[in-house]
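Undergrad: Sequence first, then the predicted structure, then my questions.
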Amino acid sequence: MIATRVQAEAFDAAAEAAALVAGRTDLGALVTFTGLVRDTALRLEHYPGMTERQLGKVAADAAARWPGIIGQVVHRFGDLAPGDPIVLVVTAGRHRGEAFAAAEFLMDWLKTRAPFWKHEAGAGWVAARASDDDAARRWEP
Amino acid sequence: MIATRVQAEAFDAAAEAAALVAGRTDLGALVTFTGLVRDTALRLEHYPGMTERQLGKVAADAAARWPGIIGQVVHRFGDLAPGDPIVLVVTAGRHRGEAFAAAEFLMDWLKTRAPFWKHEAGAGWVAARASDDDAARRWEP
Amino acid sequence: MQLLYFAWVRERIGTGAETLAPPADVATVGDLLDWLATRSPGHAAALADRSAIRVAIDQDFVAIEAPIAGAGEIAIFPPVTGG
Amino acid sequence: MQLLYFAWVRERIGTGAETLAPPADVATVGDLLDWLATRSPGHAAALADRSAIRVAIDQDFVAIEAPIAGAGEIAIFPPVTGG
């Protein structure tokens, strides 16, 4: 099970990770990825409804590829300052290889599939990066 | 700079991650890997002196491969219960690709280069895994 | 048909949503974009570079050739930049 | 010369450390393992499977062909299993 959530509020990465693995003693690997606002304040617009739907599809796809992996994805929207956390991906499983792979997959796919748009203060809308498309493509068959 | 530490005490992964990125607004990616004791209580023996030396070499190698990455490695020794954290690798950098890669590299190399030996309660010494050798080899030239 | 616009598509068109009834010969997403572009200078500016336009029907991404028949909600927006 | 043993090598030999002066014809790590194996049944048992033995001189891994001249501390142990 990989759960997803969209919210304006900050998240507590440690609490999310602790909740994910609580009571489990069969997990050998816990991976936490936090995306941070770099350099410039930004506003993150999204498409309510489609965001939840697309994150759910990405999570279901990850769960199908790595059946032993559990996870939690949290994505924020709204106004964010430099250094603020934007996105959290936590994965856990028996072995580190699958936990790392699932976390990278979730990030790569949500980067290209979840309907968010970054607007930087003073600089306008952020352009999509070809490197994100490349990162996403490596998971295709 | 990737710092390393060896200790018997538990670590606070969230505090280590927060300390690593404190005051920085130029980092876009923060990766935390925690290795957990799976299923069986164990005692982790190590070679004091060589452990610190080898972890330092692995960290220096990672820092040379990914110059923009900062990090912290903490490895425990002694008696550990199922679910306890054994090892922590935190990395941060501008982009997620390099932060994930450096974290995986640090784990793969310390698995095969840091002188620790796991002894499982009731089951004896844990045998080295060929999959760890394979994981380490993918970083060789 | 409910149309939704996001990011700079929304800004150029000047609204985030409008309800429109395209003529019967507007059959595909591509037809819809062509027809929308004629509605105002803002619509034209928003849709000028088709390589920078993405479309979702009922919250799933669709290709430019997709039919729009039966669509409840069609969203038009730039490539996504979350994460 | 200070010898250190870890994990099941230590258990089979029965001590974690001993100070020994190998004869002059013990030139390499391989020679040292051969000579150590003759010292007791425990040493022999610990060193029987050379594929499962790793050696560090002064806290760096070395190959079986490495010379031991000048070594201060030689550690003998199984493949590592940390992390």
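TA: Looks like it came in fine.
Undergrad: so where's chain A shaky on pLDDT?
TA: Applying pLDDT under 70 to chain A picks out no residues at all.
Undergrad: Tell me which residue is most central in it.
TA: Taking C-alpha atoms, centre = their mean as the criterion, A:Val89 is the residue nearest the geometric centre of chain A, at 4.3 Å.
Undergrad: Let me know whether the helix or strand containing that one sits next to chain C.
TA: Counting by DSSP states H and E, the element that carries A:Val89 is strand A:85-93. Yes: using C-beta under 8 Å from any C-beta of the partner chain, strand A:85-93 reaches chain C at A:Ile86, A:Val87. Using the backbone N, CA and C atoms, a C-beta is placed for each residue, glycine as well.
Undergrad: C-alpha coordinates for that strand, PDB please?
TA: Extracted in PDB, the C-alpha atoms of strand A:85-93 (Å, rounded to 0.1, in the frame of the first residue of the first chain):
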ATOM      1  CA  PRO A  85       9.600  21.200   1.900                       C
ATOM      2  CA  ILE A  86       7.400  20.700  -1.200                       C
ATOM      3  CA  VAL A  87       7.100  17.000  -1.600                       C
ATOM      4  CA  LEU A  88       7.700  13.900   0.600                       C
ATOM      5  CA  VAL A  89       8.100  10.400  -0.600                       C
ATOM      6  CA  VAL A  90       8.700   7.700   2.000                       C
ATOM      7  CA  THR A  91       9.100   4.000   1.100                       C
ATOM      8  CA  ALA A  92      10.000   1.000   3.100                       C
ATOM      9  CA  GLY A  93      10.600  -2.700   2.300                       C
END
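Undergrad: re earlier: what's the closest non-adjacent residue to the residue nearest to the centre of chain A?
TA: Of all residues not flanking A:Val89 in the chain, A:Phe33 sits nearest, at 4.4 Å (C-beta to C-beta, 6 or more residues apart in numbering or on different chains).
Undergrad: Is that neighbour in a helix, a strand, or coil?
TA: strand (DSSP: H, G, I helix; E, B strand; the rest coil).
Undergrad: Correct me if wrong: it contacts A:Ala102.
TA: No: in this structure A:Phe33 lies outside contact range of A:Ala102 using C-beta atoms under 8 Å: 10.5 Å.
Undergrad: The chain: strands as residue ranges?
TA: In the absence of a named chain, chain A is used. For chain A, the strands defined by DSSP state E occupy A:2-7, A:29-36, A:42-46, A:70-76, A:78-80, A:85-93, A:116-120, A:124-125.
Undergrad: Actually, chain C is the one I wanted.
TA: Under DSSP E, chain C gives strands at C:2-5, C:17-19, C:54-57, C:60-62, C:73-77.
Undergrad: which residues are contacting stretch A:127-140?
TA: Applying C-beta atoms under 8 Å, 6 or more residues apart in numbering or on different chains, the external contacts of stretch A:127-140 come out as A:105, A:108-109, A:111-113, B:95, B:97, C:78-81, C:83.
Undergrad: Okay, and which of those map to helices?
TA: A:Phe105, A:Asp108, A:Trp109, A:Lys111, A:Thr112, A:Arg113, B:Gly97 (DSSP state H).
Undergrad: Filtering the residues you listed by proximity to chain C, which remain?
TA: A:Lys111, A:Thr112, A:Arg113.
Undergrad: Pick out the residue of chain C closest to chain A.
TA: When distances are taken as C-beta to the nearest C-beta, chain C reaches nearest to chain A at C:Gly82, 2.7 Å away.
Undergrad: What about that residue, how many residues nearby?
TA: By other C-beta atoms under 10 Å in any protein chain shown, the residues close to C:Gly82 number 26.
Undergrad: before we move on, what about A:Ala64?
TA: With other C-beta under 10 Å as criterion, A:Ala64 counts 9.
Undergrad: how near is it to B:Trp66?
TA: 31 Å (C-beta to C-beta, to the nearest Å).
Undergrad: Over to C:Ala21?
TA: 55 Å.
Undergrad: Give me the more crowded residue out of those two.
TA: Neighbour count, other C-beta under 10 Å: between C:Ala21 and B:Trp66, B:Trp66 has more, with 21 against 7.
Undergrad: Noted, bye for now.
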